[in-house]
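Peer 1: Got a sequence here, can you model it:
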Amino acid sequence: MTKNMKRESEGKHRLVIVEDYKLVRIGLRMVLDADPDLQVVGEGDSGEQALALLNTITPDLILLDLGLPDMDGFQLIQEIRRFNRTSKILILSSQEAEEPVLKALAIGVNAYCLKDILSQRLVEVVKMVCGGATWLDPRVASRALQRFSHQANQHALSSAATLSEPEREILRLIVEGVSHTHIAQALDLNPSKLKCYLGSILQKLSAFEGIHATPCARTYATLF
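Peer 2: Below is the predicted model of the structure:
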């Protein structure tokens, strides 16, 4: 690599695309590489290819399709996390149901986007997630919150009550990507009270069946 090429790649967010449809991969690469802050450094069309590639490089972010031909996308994420805890993972899926969204949160995925997302919005989300934010498509966020509420009613331990109305509203705003400053302003809360609510939310979520405290804390606390 020449000095000029090295200089061009410095400071860019390094991305890997895992998608089995070649035309989709080409389109994603064109959109992402067109931004001066992003660089696609690898591609895979299967779980096996992705694992081989990610054993040699550690990108800042992995764009991952759930519907791979040889491996369930969630299984692939769990395999990746066995040796890579640092790369952000963004799911790009056509699945709008709440089940895959909740499963994604439970294993520590950083973003969940639907495949019809506008190209410029995808670029913005990729940059946000590389910077440490968490993002859910608003169309699936409300369904996920409804399911959280249902899980609280069905599976909460005796020591954990269901989420209160203020807690549900805070959680809704968090998954929509609203900053803690704007949440505090919108709900007329001081920062200390908001942090208390956040701690309570995480504690209650940790009691839900199938939702573990550590990934939930990692998912939501990144915005605070």
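Peer 1: Need the residues that contact stretch 25-34.
Peer 2: Around stretch 25-34, the neighbours that count as contacts under CB atoms under 8 Å, 6 or more residues apart in numbering are 15, 17, 19, 38-40, 43, 45, 63, 92, 119, 122-123, 126. Any C-beta I mention is one placed from the backbone N, CA and C, and that applies to glycine too.
Peer 1: let's see it at 6 Å
Peer 2: The set of residues external to stretch 25-34 that reach it, using CB atoms under 6 Å, 6 or more residues apart in numbering, is Leu15, Ile17, Glu19, Leu38, Val40, Glu43, Ser119.
Peer 1: Out of those, which two are the most distant from each other?
Peer 2: For these, the farthest-apart pair by CB to CB is Glu43 and Ser119; their separation is 17.4 Å.
Peer 1: In ChimeraX, how would I select the buried members of the contacts of stretch 25-34?
Peer 2: With 16 or more other CB atoms under 10 Å as the burial test, the buried ones among the contacts of stretch 25-34 are selected in ChimeraX as follows:
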select :15,17,19,38,40,43
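Peer 1: Tell me which of the contacts of stretch 25-34 fall in helices.
Peer 2: For these, membership in helices holds for Ser119, with DSSP state H as the criterion.
Peer 1: can you give me the strands in the chain?
Peer 2: Assigned strands in the chain, in chain order: 13-18, 38-44, 61-64, 88-93, 111-114, 135-136 (criterion: DSSP state E).
Peer 1: Ok, which of those strands comes nearest His180?
Peer 2: Nearest to His180, of all the strands of the chain, is strand 135-136, at 15.3 Å by CB to CB.
Peer 1: Neighbouring strands - and their directions - for that closest one?
Peer 2: Using DSSP bridges, the neighbouring strands of strand 135-136 in the sheet come out as strand 111-114 (parallel).
Peer 1: quick one: contacts for Asp60?
Peer 2: Taking CB under 6 Å, 6+ apart as the definition, contacts of Asp60 comprise His13, Arg14, Cys130.
Peer 1: my read: the second one touches Val40, true?
Peer 2: No. Under the contact definition of CB atoms under 6 Å, Arg14 does not touch Val40, with a separation of 8.2 Å.
Peer 1: Now render the strands of the chain as TSV, adding mean pLDDT and distance to Arg168.
Peer 2: Supplementary listing: the strands of the chain in TSV, determined by pLDDT from 0 to 100; distance: least, CB to CB, whole Å:
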stretch	mean pLDDT	distance to Arg168
strand 13-18	98	33
strand 38-44	97	35
strand 61-64	97	29
strand 88-93	94	24
strand 111-114	90	19
strand 135-136	82	15
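Peer 1: Tabulate these (CSV), appending distance to Glu169.
Peer 2: What follows is the strands of the chain, written out as CSV (distance: least, CB to CB, whole Å):
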stretch, distance to Glu169
strand 13-18, 32
strand 38-44, 34
strand 61-64, 30
strand 88-93, 25
strand 111-114, 21
strand 135-136, 16
